[in-house]
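Engineer: quick one, what's the 3D model for this:
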Amino acid sequence: SALRRTATRQFRGTSTTPLRFFSSDSHDDFAPQRKEVEGEDAAMKMIQDHVDSNPVMLYMKGNPSMPMCGFSAQVVHALKAEGADFSSVNVLDYPDIREGVKKFAEWPTIPQLYVNGEFIGGCDIVVQMHENGELKDLLKEVETAEE
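Structural biologist: Next up, the predicted model:
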């Protein structure tokens, strides 16, 4: 059809600039900051530090802009829908954190959400709280505590 030919012409070779995704000559200041975690004790200490210093802390697979599992994606969606400002750790990058967080909360699955230092739950609990309004109320407590 004429419409298809026009659309194809519009997208075929319209740009002479090559696509650049990531530059290998970027300065180290812009690289992700990763700490080495060796052993269960170091992992538990780091988890405690994360939970204590971040009012809303999510341990997930992937990151908020690119979750690597559907359960993590659902929790991120719920938090974003509530307008929450939250910190996260990609447990796939840290095997000791991945195992440590399960022991820390005595909860066998990931994702795990902590609010004001308290373990809230995993995907099913967070999604249910989002749907019934409890998550919004809980996150209001964070805003009040920060003021």
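
Engineer: from here on, contacts and neighbour counts on C-alpha atoms
Structural biologist: Noted.

Engineer: quick check: the spatially closest residue to Asp96 that is not a sequence neighbour vs Gly100, distance?
Structural biologist: Leaving out its chain neighbours, the residue that sits closest to Asp96 by C-alpha to C-alpha, 6 or more residues apart in numbering is Ala43, at 5.9 Å. Ala43 sits 6 Å away from Gly100, taking C-alpha to C-alpha, to the nearest Å as the criterion.

Engineer: and the helices in the protein?
Structural biologist: 2-11, 40-53, 70-81, 95-105, 123-132, 134-146 (DSSP state H).

Engineer: buried sites along the fifth one?
Structural biologist: Judged by neighbour count using 16 or more other C-alpha atoms under 10 Å, the buried positions of helix 123-132 are Cys123, Val126, Val127, Met129, His130.

Engineer: got it, and the third one?
Structural biologist: If you call a residue buried by 16+ other C-alpha under 10 Å, then helix 70-81 has these buried ones: Phe71, Ser72, Ala73, Gln74, Val75, Val76, Ala78, Leu79.
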